[in-house]
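Colleague: Turn this into a model:
(chains A, B, C and D)
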Number of protein chains: 2
Amino acid sequence: MAGFTFDQQSNISLREKVTNDIRNAILTGELQSGSRLKEMDIAEQMGVSRGPIREAIRQLEREGLLISYPYRETVVADITIDEVKDILIPIRMHLEWFVIQRYIHQMDDSFIAQLQQIVDRMTLCFKEGKLEQLVELDMLFHETLINLAVERTVLMTWRSILNQTRLHFIKNIRYYSNDTIVQDHQTLLDKLASKDMDSILEELQHHMKGDESFLFS
Amino acid sequence: MAGFTFDQQSNISLREKVTNDIRNAILTGELQSGSRLKEMDIAEQMGVSRGPIREAIRQLEREGLLISYPYRETVVADITIDEVKDILIPIRMHLEWFVIQRYIHQMDDSFIAQLQQIVDRMTLCFKEGKLEQLVELDMLFHETLINLAVERTVLMTWRSILNQTRLHFIKNIRYYSNDTIVQDHQTLLDKLASKDMDSILEELQHHMKGDESFLFS
DNA sequence: AGTTTGAATATTGTTGACAATATTCATCTT
DNA sequence: AAGATGAATATTGTCAACAATATTCAAACT
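Modeller: Numbers count the residues shown, from 1 in each chain, chains lettered A, B, ... in the order given. As a prediction, the model looks like this:
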């Protein structure tokens, strides 16, 4: 056969598409915390049956974005600042520290450059005041680190906190000192490049308490 | 009305019953890691349709007990020692530390007595070599602590790691030094009773590395 | 007016049939 | 014999109808 290859036919199931659509609606704020989801409404709007909708709900429940009361209703979850600060972020730090310890040898120049590119784009977004994009790049930075791991538990736990954290930052980014966010990532990246584990751990622990830059606390 | 009240009619849905049954089969070892689950087989054996089965699968996927490959199959997950030791247990410690900090004032004498009763039963199980029950009591001890929290994130994260941890210990309990397990819990309990936060944190951190008592490492 | 009752309605839970995809295996080709 | 092809089978994905439960609200009762 010649060198040409076709792309893999993406074999995404309807329930996955539904899951993604509902998740996006929540993350973009079209579905606000507390608002009720009716299976039939969603099904009609999307032009599918209720089966895939119900499976998507079970999935988003476990991502912490929906709460479902049996035989009654399902609503969009609310996440408090304390929960993000005291629970989700520390867990994220644990995952990252695990990944860094185990995969530091895979962080070659090209990987560091990849992260640097993300931070550069963060700088740009900060200057131009594109806060939504800043949040996405922040997430992308951490996801890039996490994705080094092959351990299923790491990826699973990451996914279970990812979107709750994202939702929080999307809602509250304007109360953070964006300048500090960008700088913190640059500092962490520099230390990753240096491969000095003590200094990385120190920075992670500082990063974890980065919420000190939060305006109201 | 007179003082008598009826118990709340437990309104458990079929999918929850199915979820519990499958989970139990995994935790008791009837379904081993790697074995394949066929929706139709389960449905026929339980005498229900595939709908609730499919929803249960989505739920158990998020508990880390099942892995489902779209359009192909779903199998029982395997959890490695490293994942439990380096990821799940540290996360559990974080959750407990959060709960202890925030709810130490709710740990009155009756609460401490409740935990003491659990440790006493652990001692008994250890003496009688009832290792399965020892695991259950271990879980119960930590669950009792965690249940002080009202924060949804804490309970959610706890549930997502609970059964993976349980499965690991059920499989590997005989390789642990059971004696140390019981003693560690007694020590932690004593320090909780003393309400000395520094000493509690120190003990938690030791408890976290308790896997040093693991025979092969 | 406030409460209780029960019919009407809305919504979630469950089912069995059908559709789409993956796997198996006998057959054909070289 | 090794690999390619395609029919037959097994399994997962989706749907539309029906069942069970919750909610609403008007009527009856105190």
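Colleague: For the closest residue to residue A:135 other than its chain neighbours, report the pLDDT, please.
Modeller: Spatial nearest neighbour of residue A:135, chain neighbours left out: residue A:169 (4.7 Å); criterion: CB to CB, 6 or more residues apart in numbering or on different chains. Where you see a C-beta, it was placed from the backbone N, CA and C, and this is true even at glycine. As predicted, residue A:169 sits at a pLDDT of 94.
Colleague: Tell me how many other residues crowd residue A:169.
Modeller: Counted by other CB atoms under 10 Å in any protein chain shown, the residues lying close to residue A:169 total 18.
Colleague: For residue A:37, give its distance to residue A:25.
Modeller: In this view, residue A:37 and residue A:25 are 10 Å apart by CB to CB, to the nearest Å.
Colleague: Any chance you could list residues touching both of the two?
Modeller: Common contacts of residue A:37 and residue A:25, defined by CB atoms under 8 Å, 6 or more residues apart in numbering or on different chains, comprise residue A:31.
Colleague: And these two? Which one has more around it.
Modeller: The neighbour count for residue A:37 versus residue A:25, taken as other CB under 10 Å, is higher for residue A:37 (20 against 16).
Colleague: who does the residue nearest to the more buried one when sequence neighbours are not counted bridge with?
Modeller: Of all residues not flanking residue A:37 in the chain, residue A:74 sits nearest, at 5.0 Å (CB to CB, 6+ apart). Residue A:74 has these beta-bridge partners by DSSP bridges: residue A:37, residue A:68.
Colleague: What's the local residue count around residue A:74?
Modeller: Based on other CB under 10 Å, the number of other residues close to residue A:74 is 19.
Colleague: I figured it hits residue A:58, correct?
Modeller: No - with contact taken as CB atoms under 8 Å, residue A:74 and residue A:58 are classed as non-touching, separated by 9.8 Å.
Colleague: so where do the helices sit in chain A?
Modeller: Per DSSP state H, chain A carries helices over the ranges A:14-27, A:39-46, A:50-62, A:81-83, A:89-103, A:109-128, A:131-146, A:152-172, A:178-194, A:197-208.
Colleague: got the angle for the first one vs helix A:39-46?
Modeller: Just to be clear, that refers to helix A:14-27. Our comparison of helix A:14-27 with helix A:39-46, counting by axes from the mean of the first three to the mean of the last three CA atoms, to 10 degrees, yields an angle of 100 degrees.
Colleague: which residues are in contact with helix A:14-27?
Modeller: For helix A:14-27, with CB under 8 Å, 6+ apart as the criterion, the contacting residues are A:31, A:37, A:42, A:46, A:48, A:51-53, A:55-57, A:59-60, A:63, A:65-66, A:76, A:163, A:166-167, A:170, B:70.
Colleague: State the distance from the spatially most central residue of chain A to residue B:147.
Modeller: For chain A, residue A:162 is the residue whose C-alpha lies nearest the centre (CA atoms, centre = their mean; 3.4 Å). In this structure, residue A:162 lies at 26 Å from residue B:147, with CB to CB as the measure.
Colleague: With residue A:55 instead?
Modeller: When distance is defined by CB to CB, residue A:55 is 29 Å away from residue B:147.
Colleague: More neighbours: the two, which one.
Modeller: Per other CB under 10 Å, whichever of residue A:55 and residue B:147 has more neighbours is residue A:55, with 22 against 13.
Colleague: tally of neighbours for residue A:63?
Modeller: Count around residue A:63 with other CB under 10 Å applied: 20.
Colleague: residue contacts, it?
Modeller: With contacts defined as CB under 8 Å, 6+ apart, the neighbours of residue A:63 are A:23, A:159, A:160, A:162, A:163, A:164, B:62.
Colleague: Look up the pLDDT of the second one for me, please.
Modeller: The reference is to residue A:159. 91.
Colleague: Give the burial count for it, as a bare number.
Modeller: Residues within reach of residue A:159, counting by other CB under 10 Å, total 14.
Colleague: Please parse chain A into its domains.
Modeller: Residue ranges for the structural domains of chain A, counted by automatic domain parsing, are given in the record as A:14-76, A:81-213.
Colleague: Can you measure across the shortest one, start residue to end residue?
Modeller: From the first residue to the last, domain A:14-76 extends over 21 Å; the measure is CA to CA, to the nearest Å.
Colleague: and it, is it in reach of DNA strand D?
Modeller: Yes - interface with DNA strand D: domain A:14-76 contributes A:14, A:15, A:48, A:49, A:50, A:51, A:52, A:55, A:71, A:72 (CB under 7 Å from any atom of the strand).
Colleague: Brilliant, that's me finished.
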